[in-house]
Each structure stands twice: as C-alpha cells, then as structure tokens.
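Peer 1: okay, predicted coordinates and the sequence, questions at the end:
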Amino acid sequence: MVEDLAAIAAEAGAMLKARGQKIAVVDGATGGLISASLLAMTGASAYFLGGSVIYSMKGRRIALDHAPGSLRAFTSATEAYATEQARLIRERLGADWGIAETGAAGGGSAHPLGVESGTSAFAVVGPNGITASRRIETGSNDRLANMQAFTAGALTLLRDALAAHP
C-alpha cells in the first residue's frame with residue numbers, strides 16, 4: 001500500500017514541481033503518511049516545505065501558530081476544521097498549497113472527543129482561494145488500514161485539486 005500512496009503523491013509532486021510551487025502538510029490520524037508519501041519522490045525538496053504531525057493541543061498551537069482560542073469553534077474530524085488547519089499551515093510556512101487531515105484511526109482507545117473510529121476529514125487550500133475538502137467513514141477499527149485510507153483520500157484530493165487548477 002505504501003507504493004500506492006507514493007504513486008498518488010508522485011503525481012501531485014510532479015505537478016507542484018513543474019509549477020515551481022510548494023506545499024505544507026498537517027498530518028493528524030495519518031501519523032505522517034501524507035508527508036512521507038510526498039517525500040518518497042526523488043527531488044521532493046523542490047516542492048515540500050515541511051509540516052507537522054499534530055496529535056495534541058500544544059502541538060497544534062506550536063505547529064500552526066494560531067491565536068489561543070481561535071480554533072474552539074471547530075470540531076475534530078470535520079471538513080471545516082481540516083480546511084482551517086490547511087490554511088494555517090500554508091500561511092505558517094509560506095507555501096502555495098496546504099493540506100491537512102484530522103480524524104480517528106481507531107484500533108484501541110477512544111478518540112478524546114468521541115469521534116468514531118474510521119472517520120477522517122481532509123482539505124487542501126491553494127492559491128487564489130482554492131479549497132477542496134472531503135470526509136470519509138471507513139466503518140473500520142483497523143488502525144493501519146484507516147491510516148492508509150485517510151492518506152490515500154487526502155493525496156487523491158490534492159492531486160485532483162492540482163489537476164483542476166493548473
């Protein structure tokens with residue numbers, strides 16, 4: 001499955017590289033797989049600025065540099081929250097594009113906010129007000145399978161957004 005993720009990311013990376021554009025990433029329940037997939041392509045430094053695996057409120061504040069309380073109106077694993085995180089990481093790193101994922105991979109302990117295992121939302125924010133987002137529910141508690149499904153969904157959304165806005 002890692003090869004499949006890398007293949008989708010390579011398509012997105014090739015478009016970013018050809019345009020001279022950069023991306024910044026927020027991985028949540030994907031645990032870094034979005035970033036790893038984008039970095040699997042040789043020459044990724046031409047388009048990948050950086051990102052963060054956000055797994056705590058403190059980590060979120062440091063990575064996104066948002067004002068205290070500014071994200072209280074958002075709920076985890078929603079398209080609105082993923083979009084805001086993508087917007088913030090894009091601004092924080094000065095990227096052309098931002099991508100973010102938020103969800104509950106499952107496999108054991110319950111999500112602290114009660115999000116059902118197998119639920120994820122991801123979003124892409126680009127230049128000129130471009131935004132795209134999706135939410136998926138796998139119905140599974142298989143942590144690794146969910147992490148891969150969430151990553152595939154996010155990378156496909158990125159690739160499709162790039163293709164739709166050349």
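Peer 2: Looks like it arrived, so ask away.

Peer 1: looking at the chain, which helix or strand is least sure?
Peer 2: When each helix and strand of the chain is scored by mean pLDDT, DSSP states H and E, helix 57-64 comes last, with a mean of 81.

Peer 1: how about residues contacting stretch 30-46?
Peer 2: With Cβ atoms under 8 Å, 6 or more residues apart in numbering as the test, stretch 30-46 has contacts from 2, 5-6, 8-10, 12-14, 16-17, 23, 25, 27, 47-48, 51, 53, 99, 101, 103, 105, 120, 147-148, 150-151, 154-155. For every residue, glycine as well, the C-beta is placed using N, CA and C.

Peer 1: any buried residues in it, and which?
Peer 2: Within stretch 30-46, the residues that count as buried by 16 or more other Cβ atoms under 10 Å are 30-41, 44.

Peer 1: which of those residues lies closest to Gly139?
Peer 2: Relative to Gly139, the closest of these is Thr30; by Cβ to Cβ it sits at 17.9 Å.

Peer 1: does the residue most central in space within the chain belong to a helix, a strand or coil?
Peer 2: Central residue of the chain (Cα atoms, centre = their mean): Ala100, 2.7 Å from the mean position. Look at Ala100: counting by DSSP: H, G, I helix; E, B strand; the rest coil, its state is strand.

Peer 1: need the pLDDT of it.
Peer 2: Ala100 carries a pLDDT score of 97 in this model.

Peer 1: touching, it and Glu79? I think so.
Peer 2: No. In this structure Ala100 lies outside contact range of Glu79 using Cβ atoms under 8 Å: 10.3 Å.

Peer 1: so what sits against both of the two?
Peer 2: Ala123.

Peer 1: from Leu93, how far out is the residue nearest to Leu88 when sequence neighbours are not counted?
Peer 2: Spatial nearest neighbour of Leu88, chain neighbours left out: Leu64 (4.1 Å); criterion: Cβ to Cβ, 6 or more residues apart in numbering. Distance of Leu64 to Leu93, given as Cβ to Cβ, to the nearest Å: 10 Å.

Peer 1: so for these two, which sits in the more crowded spot?
Peer 2: Leu64 (20 against 17; other Cβ atoms under 10 Å).

Peer 1: on that earlier part again, tell me the two of the buried residues of stretch 30-46 that are most distant?
Peer 2: Gly31 and Met41, at 19.5 Å, using Cβ to Cβ across the buried residues of stretch 30-46.
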